[in-house]
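Student: Quick one: sequence plus predicted model below, questions after.
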Amino acid sequence: MGAGESADDFAAIENSQWYQKFMKQCPSGQLTLHEFKKILGLYDMNPQANMYIERVFQVFDMNQDGFIDFLEFIAAINLVIRGKIEQKLKWYFKLYDADGNGCIDKKELVSIFTAIQAINGHADMSAEEFTNIIFQKIDVNNDGELTLEEFITGVERDEDLMDLITKNFDLSNVLKVIQNGRRHSI
């Protein structure tokens, strides 16, 4: 920032740039699921990968109207770029809790992790291994479900688990695609 510029001035300029990019990609101002996939260059995905992208879209679509508008878009960007770890963990939890019942079970976590592997095309471990590690470390009452509190507390207490989750579910690559324009290859 130069002399005389405040953090608010900088944020306004940055938001203006994001707005221009958003409107260039989505002139209607209402991003549909189809446009979201198109921007990210995600075509002809397997069912698991498709489910994950749909779930990310649903979580970004905060008012559940079937569109991501600019305010929802900028909120998602701010979460990914500037969000505190607890905010990100809450977002991850919401993403994993596919049925919205307030708990993550093993089936949901395996499904999401399988979908992410399908998109990323690589894996250091299987979805089942990943899920078992998560549940062994943080399902304190061994009921086969993770509450939001168990999830956040467990991940915050275990640095290795934090690294594992943030590495495997990082959305900064999605932002890079949006920032740099449409992706030409997967």
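Tutor: Sure thing, it's come through. Numbers count the residues shown, from 1 in each chain.
Student: low-scoring pLDDT stretches of the chain, where are they?
Tutor: For the chain, the stretches flagged by pLDDT under 70 are 1-13, 118-123, 168-186.
Student: For it, which segments are assigned as helices?
Tutor: 7-25, 33-40, 47-60, 70-82, 85-96, 106-120, 127-138, 148-157, 159-168, 172-180 (DSSP state H).
Student: May I see the ones you listed arranged in TSV, with mean neighbour count as well?
Tutor: From N, CA and C alone the C-beta is placed, and that goes for glycine too. Putting these into TSV (neighbours: other C-beta atoms under 10 Å) gives the following:
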stretch	mean neighbour count
helix 7-25	13
helix 33-40	17
helix 47-60	18
helix 70-82	16
helix 85-96	17
helix 106-120	20
helix 127-138	17
helix 148-157	17
helix 159-168	14
helix 172-180	14
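Student: Check the burial of the closest residue to Gln58 other than its chain neighbours by counting its neighbours.
Tutor: Excluding the flanking residues, the one nearest Gln58 by C-beta to C-beta, 6 or more residues apart in numbering is Gln64, at 7.3 Å. Using other C-beta atoms under 10 Å, Gln64 has 7 other residues around it.
Student: My guess is Gln64 contacts Phe57. True?
Tutor: No - using C-beta atoms under 8 Å, Gln64 is not in contact with Phe57, being 10.7 Å away.
Student: how close does the residue nearest to Gln58 sit to Leu95?
Tutor: 15 Å (C-beta to C-beta, to the nearest Å).
Student: same thing with Ile165?
Tutor: From Ile165 to Leu95 the distance is 11 Å (C-beta to C-beta).
Student: same question, Asp44
Tutor: Separation of Asp44 from Leu95 (C-beta to C-beta): 23 Å.
Student: Equivalent analysis for Ile116, please.
Tutor: 10 Å.
Student: Also Met23?
Tutor: Using C-beta to C-beta, one gets 26 Å for the distance from Met23 to Leu95.
Student: With Val80 instead?
Tutor: From Val80 over to Leu95 the distance is 12 Å, taken as C-beta to C-beta.
Student: what does Tyr43 give?
Tutor: Per C-beta to C-beta, Tyr43 is found 22 Å from Leu95.
Student: Ok, Asn63 next?
Tutor: Applying C-beta to C-beta, the value for Asn63 to Leu95 is 17 Å.
Student: Show the contacting residues for the residue found closest to Met51 once you drop the neighbours it is linked to in the chain.
Tutor: Spatial nearest neighbour of Met51, chain neighbours left out: Ala115 (5.4 Å); criterion: C-beta to C-beta, 6+ apart. The contact partners of Ala115, by C-beta atoms under 8 Å, 6 or more residues apart in numbering, come to 48-53, 55.
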